[in-house]
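Enquirer: Pasting a predicted model and its sequence here:
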Amino acid sequence: MNLEDIIKETKTYYCLECGKCTAVCPVSRHNSNFSPRLMLERALMNFEDELIHDRELFSCLTCYACSHLCPSDVDYPVFTQKVRNLASSQGEHGDCTHSGILFSLMNLISRSDIKQKRLDWLDGCRTSQRSEVLYFVGCAPYFEPVFQDIEVSPVSIARNSIKILNALGIEPMVLPNERCCGHDLLWTGDVETFKKLAQLNAQMIKESGAKKIVFSCPEGYRTFKIDYPQYVELDCEPVHITELLAQNLSTLSLKAKRSNPEVKRVTYQDPCRLGRHLGIYEPPREIIKAIPGIKLIEMEHSGDESICCGTSAWTNCGSYSKKIREERLLEAKATGAEVLVTACPKCQIHFKCAMVDKGAEKGTDIEMKVMDIVTLVADALGGKSSE
Amino acid sequence: MAEFEPKIIAFCCNWCTYAAADIAGTSRIHYPANVRIVRVMCSGMVDPIYVLKAFEMGADGVLVAGCHEIDCHYLNGPVKCDAMFEKLRRVVNTLGLEDERLKREMISTSESPIFARVIEEMVEQLKKLGPSPLREGVKV
């Protein structure tokens, strides 16, 4: 795809140069070198080289704050995605965080011969070999060791998700050799490897006979719902666990939390993929409100105005990302809530990372408990939840 | 068909294991030629990405070797290396690689026979296991 096609597809030529995108962009607020409007302008003036070799090309969080406000409906995140693909074909790439191990893992997972051992956390969860419902675990088994230092446990999110599905009377399948969904590769321009992963996943899901795929990760959900249909044939319906829960709230008996009696007020962070990408704002809120003894207090920016957690696709995390996180955490603390609830494992990782990074030297003004909504619900179900 | 010859990448610390490999050479101790040594200043500087990259590029096994804890030129390199290695081991296990493909050893300068033995053992184990499943599409 050349630049002209990208401009057509994302309706860039409708740009009015109003600059709302740059005004609302969380990155531009801290990093004056980055401006979505300027990027679009370069594309329209045909300064292709400048656009592709701009080191800020990989700074965009693709959080959709810009397109959400755009009066001309220009799809800036997809524009970024496609231009990054052009750039990567010319050898450009973003600065990988965590020294690039996560991208290396994605590449390794795309090799067809591997037989992963990714399900040893399943003990105590009821799953079945054959079911209409498939639970897509995602990267949790890999994140678990990588992020153990910052005390985030993505595997517990997966375990609690299955626990909730069990409580809803569903015994889901899980794929023993499930591949990475490829979200981060797609958004950093590596479409080739993304396609390979998509094909491997689609094949496995077809063989499993699943009709519905449940996600606890918004990125996987977005990828299956919006991106996969453009590359592979997928004959089943993806659904996020919060949607499924909100539809079936009446069948669950949620009790006040016993393990954590001090949790009374919580606030909710909309993950960009779940919120602005897919428009799911209400189901998580309905779920939180349905738990007895817990009050939901909204942050200053919430719902479609919500601010991103500061990094996307493990790329270009730097001082600006940290600032975005600190601001967001201060906003969350200002609500007086004890817990910041989110629905994305990566939001949790990023916020925790900001706390660990800042905590020691500058005090504890951004210290706050961060929890996945799945864990909050599993806790309210009684029994043993895994934290 | 010729016998499968595994490729091993060994990250060796400059002060101990690299010197041990050097002395093994000058002392004419024989060990298999399957190993490619990468000299690093300290085992504590080996990042998980080095090892994953080696597997990505077609290595059948990776050895991370450095000083014993009390010998470290930089005080606590081996401790750092151990912490890194524990994480890495779990990641590599999840990928489905056998434990034998990733090894952590402490070999001091005077232990060149041990270095030769470690390589010999590793080559033997890898020959039994066959090529790494991650090798696909990589020309080794």
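Expert: Yep, it's here.
Enquirer: alpha carbons only for contacts and neighbour counts from here, please
Expert: OK.
Enquirer: On the three-state scheme, the nearest residue in space to A:Trp121 that is not next to it in sequence is what?
Expert: Leaving aside its sequence neighbours, A:Trp121 sits nearest to A:Val155 (CA to CA, 6 or more residues apart in numbering or on different chains; 7.1 Å). Here A:Val155 is recorded as helix under DSSP: H, G, I helix; E, B strand; the rest coil.
Enquirer: A:Val155 contacts A:Pro145, correct?
Expert: No. Between A:Val155 and A:Pro145 there is no contact under CA atoms under 8 Å: 9.8 Å.
Enquirer: Tell me which of those two has more neighbours.
Expert: Of the pair A:Val155 and A:Pro145, A:Val155 is the one with more neighbours under other CA atoms under 10 Å in any protein chain shown, namely 24 against 20.
Enquirer: OK, contacts around that one?
Expert: Counting by CA atoms under 8 Å, 6 or more residues apart in numbering or on different chains, A:Val155 touches A:121, A:140-141, A:144.
Enquirer: With A:Cys180 instead?
Expert: So A:Cys180 contacts A:106, A:109-110, A:138-139, A:197 (CA under 8 Å, 6+ apart).
Enquirer: so what's the backbone phi/psi at it?
Expert: phi -60, psi 140 (degrees, to the nearest 10).
Enquirer: gap between it and A:Ile307?
Expert: 26 Å (CA to CA, to the nearest Å).
Enquirer: Could you report the distance from the residue nearest to A:Trp121 to B:Lys87?
Expert: 15 Å.
Enquirer: go on, A:Gly138?
Expert: For A:Gly138, the distance to B:Lys87 - CA to CA - is 19 Å.
Enquirer: more crowded one of the two?
Expert: Neighbours were counted for A:Gly138 and for B:Lys87 using other CA under 10 Å; A:Gly138 has more, 22 against 18.
Enquirer: Just say helix, strand or coil for the more buried one.
Expert: coil.
Enquirer: and the closest residue to it other than its chain neighbours, what pLDDT?
Expert: The shortest distance from A:Gly138 to any non-neighbouring residue, by CA to CA, 6+ apart, is to A:Cys180 (6.3 Å). Per-residue pLDDT puts A:Cys180 at 95.
Enquirer: Any buried residues in the helix or strand where A:Glu41 lies, and which?
Expert: Element membership for A:Glu41 (DSSP states H and E) is helix A:36-44. When neighbours are counted by 16 or more other CA atoms under 10 Å in any protein chain shown, the buried residues of helix A:36-44 are found to be A:36-37, A:39-44.
Enquirer: What are the contacting residues of it?
Expert: Helix A:36-44 is contacted from outside by A:3, A:7, A:12-13, A:15, A:17, A:19, A:21-22, A:25, A:48, A:50-51, A:76, using CA under 8 Å, 6+ apart.
Enquirer: can you rerun that using 10 Å?
Expert: Identification of contacts with helix A:36-44 by CA atoms under 10 Å, 6 or more residues apart in numbering or on different chains yields A:3-4, A:6-7, A:12-13, A:15-25, A:27-28, A:35, A:46-52, A:54, A:56-57, A:60, A:66, A:74, A:76-77, A:79-80, A:83.
Enquirer: Please name the residues that touch residue 9.
Expert: Defaulting to chain A. Counting by CA under 10 Å, 6+ apart, the residues that A:Glu9 touches are A:3, A:74-75, A:78-79, A:82.
Enquirer: hm, I was asking about chain B
Expert: So B:Ile9 contacts B:34-38, B:51, B:54-55, B:58-64, B:102 (CA under 10 Å, 6+ apart).
Enquirer: One more: A:Tyr135?
Expert: A:127, A:158, A:161-162, A:165, A:171-175, A:210, A:212-216, A:238-241.
Enquirer: does A:Met371 count as helix, strand or coil?
Expert: strand.
Enquirer: How about the contacts made by it?
Expert: A:152, A:157, A:266, A:268, A:339-345, A:347-348, A:387.
Enquirer: By neighbours, which of those residues wins?
Expert: A:Ile157 (28 neighbours).
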